[in-house]
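Engineer: okay, predicted coordinates and the sequence, questions at the end:
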Amino acid sequence: MSKVIGIDLGTTNSCVAVLEHGEPLVIPNDEGSRTTPSVVAFTRDGDRLVGQIARRQAVTNAPRTVSVAKRLIGRKYDDAEVQKSIDQVNYTIERAENGDAWVRIDGRSWSPQQISAIILEKMKSIAEAYLSEKVTEAVVTVPAYFNDAQRQATKDAGRIAGLDILRIINEPTAAALAYGMGRHGHERVAVFDLGGGTFDVSILEIDNGVFEVRSTNGDTFLGGEDFDNRITTWLVEQFAKETGVSLAGDPVAMQRIKEAAEKAKHELSNTTETEIHLPFVTATPSGPLHLMAELSRARLEALCSDLIDRLEAPCRQALSDARLKPGNLDAVLLVGGMTRMPRVQEKVAEIFGKAPERGINPDEVVAVGAAIQGAVLKGEVKDILLLDVTPLSLGIETAGGLSEPIIGRNTTIPCRKSKVFTTAQDNQDMVRVHILQGEREFADDNKSLGHLEMHGLPPAPRGLPEIEVTFELDSNGILHVQARDRGTGKAQTMRIVSNSGLHEGDIEQMIGDAEQFREQDHERRLAAEARNRLDGLIYTTRRSLDEYEELLEAGNARMIRDALTLAEQAMETGGSPVILQAHEGLAVAAQRIAESIYAAARSHPPNETAGGVGPSLALGGELIDDE
């Protein structure tokens, strides 16, 4: 039975874990790091880079390097949060035909689901390399405050990546699973999750393997990126004051400044002051200009004071929804890289009245929890029960543009609830059910998830028909809706997919594109391996030729040099077939060196013994002293 992997698909970094022999294990990538940057880059040659290699080249390839795609997934271009992102990234964000926010690279449009799928595929390949088997199933985490469209879009990304997403699990809930696995007794826990792009807080009750989410709240557009942007803006303003030059329109300079800002932020978690030096950040007719600045922890906290203040309201609301006070909590868990910031930790202590736990790794705990949930779904772990909640109310629009909730926020899922409605006009032959998500009283102020239309109602005075609307929310937090006329029994059912950003045909097309890229990636990997083998053979052959050329006949030496020349030419310009042919030719020619060495050894043996050449050594055998 193949393993189910757990993936923390993060805004800044992603992580993959698996349960082995009853213990969760975070799988390192091919560079030895346990987390992988959620960065995708497209080179001028059309190649695709993912992770650290994409991040390293961002300075010189900023317009083709996509980061923080998670902030766009399942969102409309006109969202205020997306409009903020347009000013904060170096690549192009465009409005798609369906109104969603997509990415534009070199004339081609990419949905956030496709970018996320590339990252998920990278995590999948990391797991397959470690497990030495194909991986097809995963549990993927999302911020607790993700709405239905964002969850649908994340599932679509998994399908495009070739993964069957068994469950979408909230990030704070996953962290609580990792914290509570193997613990006994009763605990009330707050999970404070401040990552690269989102902020969530959840209150859970853990009781001997039963994990019940009491409430959740958050902000899907508050995270480490916002802190980085404050430092970046400050540096650009300081530079403009000192030099009179604005760097805002220079993507290369802005990428360098952003990376320096992130580095400074990390350093200020361990020191009270840091220096930022960026030589040759730009040039003017009078010569190059350098950026030099000193940033203190106090200055950083002042720049980000309003971001810190925004953390409090969701925490207070989550406590209120759980009907708890800070003193009722047994522990506060910190999740996400931004929780390493001292001022954030101080704010947590101020809100909850206690110091947070420090026994978990905030970068890895979410992936670990996802892996545990995967093992639960597969039956490998049997003593854990997870009861999660929906983060936002779900309802429909009624007469006057009002929003009528059917499933309230923080309702335990899966769940099924119904309400009966009637018509607003005489002889109304159809009803349109406008499905909403959010906490506002008016429909226009909430998130529209789609419309369900029911036709063929018999003529009747207004107020007489009874239309029963049923909402069913599955364990992934994804909604199914049914409208039924109690009089005729006619029913109309739909699964809310319209605003996930992609239709079924789009998804199938993107799956095909991903398969094509996988084949191309495989071919490029084989070509790279062939080039590496040929490069190694050229090196060893040239070294052996220089050392043993005097043992070779002139014709053989010339043949080897000719083969070396052809191999070096193939390395410079040849494709895979040429490289393979050059490798074969050089390998045959290089054998002449070994033949000459052993021929010379036989003609001038150091200690001649009777019997000629001895028996061959068995492969894997040992030399045994016969004394």
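Structural biologist: Yep, that arrived. Keep in mind the model is a prediction, meaning the values are calculated, not measured.
Engineer: following the helix or strand residue 159 falls within, which helix or strand shows up next?
Structural biologist: Per DSSP states H and E, residue 159 falls inside helix 148-160. Next along the chain after helix 148-160, taking DSSP H and E as the criterion, comes strand 164-170.
Engineer: burial check on residue 137, number of neighbours?
Structural biologist: 18 (other CB atoms under 10 Å). Quick note: C-beta positions are derived from backbone N, CA and C, even for glycine.
Engineer: quickly list what it is bridged to.
Structural biologist: residue 4, residue 164 (DSSP bridges).
Engineer: is it in contact with residue 164, as I believe?
Structural biologist: Yes. With contacts counted by CB atoms under 8 Å, residue 137 reaches residue 164, the gap being 4.9 Å.
Engineer: avg pLDDT for the helix or strand hosting residue 512?
Structural biologist: Per DSSP H and E: residue 512 is located in helix 504-548. For helix 504-548, mean pLDDT rounds to 74.
Engineer: tell me the contacts of residue 211?
Structural biologist: 173, 176, 177, 180, 204, 205, 384, 385, 386, 387 (CB atoms under 8 Å, 6 or more residues apart in numbering).
Engineer: what's around the last one, how many residues?
Structural biologist: One way to gauge burial is a neighbour count; for residue 387, by other CB under 10 Å, it gives 16.
Engineer: A strand includes it, no?
Structural biologist: Yes. Counting by DSSP: H, G, I helix; E, B strand; the rest coil, residue 387 is found in a strand.
Engineer: any idea how far it is from residue 212?
Structural biologist: 4 Å (CB to CB, to the nearest Å).
Engineer: now swap in the second one and tell me
Structural biologist: Relative to residue 212, residue 176 is positioned 10 Å away (criterion: CB to CB).
Engineer: shared neighbours of the two, which are they?
Structural biologist: Common neighbours of residue 176 and residue 212 (CB under 8 Å, 6+ apart) are 204, 206.
Engineer: among these two, which residue is more densely surrounded?
Structural biologist: residue 176 (29 against 16).
Engineer: how about that one, nearest residue that isn't a chain neighbour?
Structural biologist: Spatial nearest neighbour of residue 176, excluding adjacent residues (CB to CB, 6 or more residues apart in numbering): residue 204 at 4.7 Å.
Engineer: re the thing from before, intersection of neighbour lists for residue 387 and residue 212?
Structural biologist: What both residue 387 and residue 212 touch, as defined by CB under 8 Å, 6+ apart, is the set residue 412.
Engineer: how about residue 76, nearest residue that isn't a chain neighbour?
Structural biologist: Per CB to CB, 6+ apart, closest to residue 76 is residue 99, 5.1 Å.
Engineer: returning to that earlier point: test my guess that the residue nearest to residue 176 contacts residue 188.
Structural biologist: Yes. Using CB under 8 Å, residue 204 is in contact with residue 188, at 7.4 Å.
Engineer: which one of these two has more residues nearby?
Structural biologist: residue 204 (28 against 16).
Engineer: list the contacts for that one?
Structural biologist: 172, 173, 176, 188, 189, 190, 191, 211, 212, 213, 214.
Engineer: quick one: it is in a strand?
Structural biologist: Yes. Counting by three-state DSSP, residue 204 is located in a strand.
Engineer: state the distance from it to residue 179.
Structural biologist: Residue 204 is 9 Å from residue 179, by CB to CB.
Engineer: mind pulling up the pLDDT for residue 159?
Structural biologist: For residue 159, the model assigns a pLDDT of 92.
Engineer: same check, this time on residue 92
Structural biologist: 92.
Engineer: and residue 451, that's in a helix?
Structural biologist: No. Assignment of residue 451 by three-state DSSP gives strand, placing it outside any helix.
Engineer: before we move on, the earlier item: quick one, the helix holding residue 159 and strand 164-170 angle?
Structural biologist: 150 degrees (axes from the mean of the first three to the mean of the last three CA atoms, to 10 degrees).
Engineer: what packs against helix 148-160?
Structural biologist: Judged by 3 or more CB pairs under 8 Å, 6 or more residues apart in numbering; DSSP states H and E, the packing partners of helix 148-160 are helix 112-131, strand 137-142, strand 164-170, strand 447-455, helix 504-548.
Engineer: so residue 18 touches residue 126, yeah?
Structural biologist: No. With contacts counted by CB under 8 Å, residue 18 stays clear of residue 126, the gap being 10.3 Å.
Engineer: give the residues shared as contacts by those two.
Structural biologist: With CB under 8 Å, 6+ apart as the test, residue 18 and residue 126 both reach residue 27.
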